[in-house]
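S.K.: Any chance you can model this:
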Amino acid sequence: MNAQSIWAGNDYAFIPNRGRSERFSLSAHRVRVRRVLKETRTGNAKATTFVEVSFVDNATGEPITYEGWRGIVDRLEGGTYKVRAYDFVDYWENVHDQYMHLIKKQDQERHEREERERAAQEERNRVAAERQQKLDQVKSYLIQKGVEPEWIDSIQLDGHGYYDKAGIKLSFRRVETSMLEERERGSRSLYDVAKSSEQSRD
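M.R.: Numbers count the residues shown, from 1 in each chain. Sure, this is the predicted structure:
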């Protein structure tokens, strides 16, 4: 934006450290000009234009505090800021409709993203519930077939092709403890049956 078009009392769109070809976007801030400053620095015969501004809310125009130092040349008394005229892109009234359109688009995209995330989470919950149901069914079946519940260390389903990586892990220590307890009670365990069969073959 041409520095000659910047006048005190008007609102402008300001982009901190604006790139050479950068135009209006949601990164712009609404600023109200207090005064325009021309400064000539040592070694540079051409005057540089700076602007004293206050930051205002993009939507309401109410004064706000600017956080940080990005794009700020200096902080001045009275809560105003010194910035480069180069970082001005347009009169705020010229970009207001575009700003509102971008805000609406941003809100819509956020809503759509949240909806996708919600649907994805519901699908994950559904798959998890289905997998848990299968695990519970398998565990119940094993118990019906005489497997003690405390022997079952884990039942795992993995991935969509869960049968490829599925596994049932029994606790060797718990099974062995139960076997020894049965032997101590005088019960004839499967271990003893197997041992007797081996001896009879000998």
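S.K.: What residue spans form the domains of this protein?
M.R.: Using automatic domain parsing, the domain parsing of the chain gives 1-146, 147-201.
S.K.: and these, which one's lowest on average pLDDT?
M.R.: Set side by side, the domains of the chain give their lowest mean pLDDT on domain 147-201, at a mean of 68.
S.K.: for this protein, what spans make up the strands?
M.R.: 11-14, 29-39, 48-56, 72-75, 81-84, 88-91, 152-156, 167-170 (DSSP state E).
S.K.: what about H111, distance to K104?
M.R.: Distance of H111 to K104, computed by CB to CB, to the nearest Å: 11 Å. Any C-beta I mention is one placed from the backbone N, CA and C, and that applies to glycine too.
S.K.: tell me the most buried of the strands of the chain?
M.R.: Highest mean neighbour count among these (mean count of other CB atoms under 10 Å): strand 11-14, with a mean of 24.
S.K.: Can you show me the CA trace of that strand as PDB?
M.R.: Listed next in PDB are the C-alpha coordinates belonging to strand 11-14 (Å, rounded to 0.1, in the frame of the first residue of the first chain):
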ATOM      1  CA  ASP A  11      -8.400   2.000  10.100                       C
ATOM      2  CA  TYR A  12      -6.100  -0.200   8.000                       C
ATOM      3  CA  ALA A  13      -5.200  -3.900   7.600                       C
ATOM      4  CA  PHE A  14      -1.800  -4.500   8.900                       C
END
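S.K.: Check which strands are paired with that strand and give the direction for each one.
M.R.: Sheet partners assigned to strand 11-14 using DSSP bridges are listed as strand 29-39 (antiparallel), strand 88-91 (antiparallel).
S.K.: just so I know, which of those strands lies nearest R173?
M.R.: Nearest to R173 among those is strand 29-39; the distance by CB to CB comes to 66.9 Å.
S.K.: Name the surrounding residues that touch that closest one.
M.R.: Outside strand 29-39, the residues that touch it by CB atoms under 8 Å, 6 or more residues apart in numbering are 3, 6-16, 47-58, 61, 66, 80, 82-83, 85, 88, 92.
S.K.: how many degrees apart are that strand and strand 48-56 in direction?
M.R.: For strand 29-39 against strand 48-56, the angle by axes from the mean of the first three to the mean of the last three CA atoms, to 10 degrees is 150 degrees.
S.K.: Just the CA trace of strand 29-39, in CSV.
M.R.: Taking C-alpha atoms only, strand 29-39 is exported to CSV below (Å, rounded to 0.1, in the frame of the first residue of the first chain):
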residue,chain,number,x,y,z
HIS,A,29,-4.6,-7.0,12.2
ARG,A,30,-6.9,-4.0,12.2
VAL,A,31,-5.0,-0.9,13.3
ARG,A,32,-6.1,2.7,13.8
VAL,A,33,-3.6,5.4,12.7
ARG,A,34,-2.6,8.1,15.1
ARG,A,35,0.1,9.8,13.0
VAL,A,36,2.5,9.1,10.2
LEU,A,37,6.2,9.5,10.8
LYS,A,38,9.0,10.1,8.3
GLU,A,39,12.5,9.3,9.4
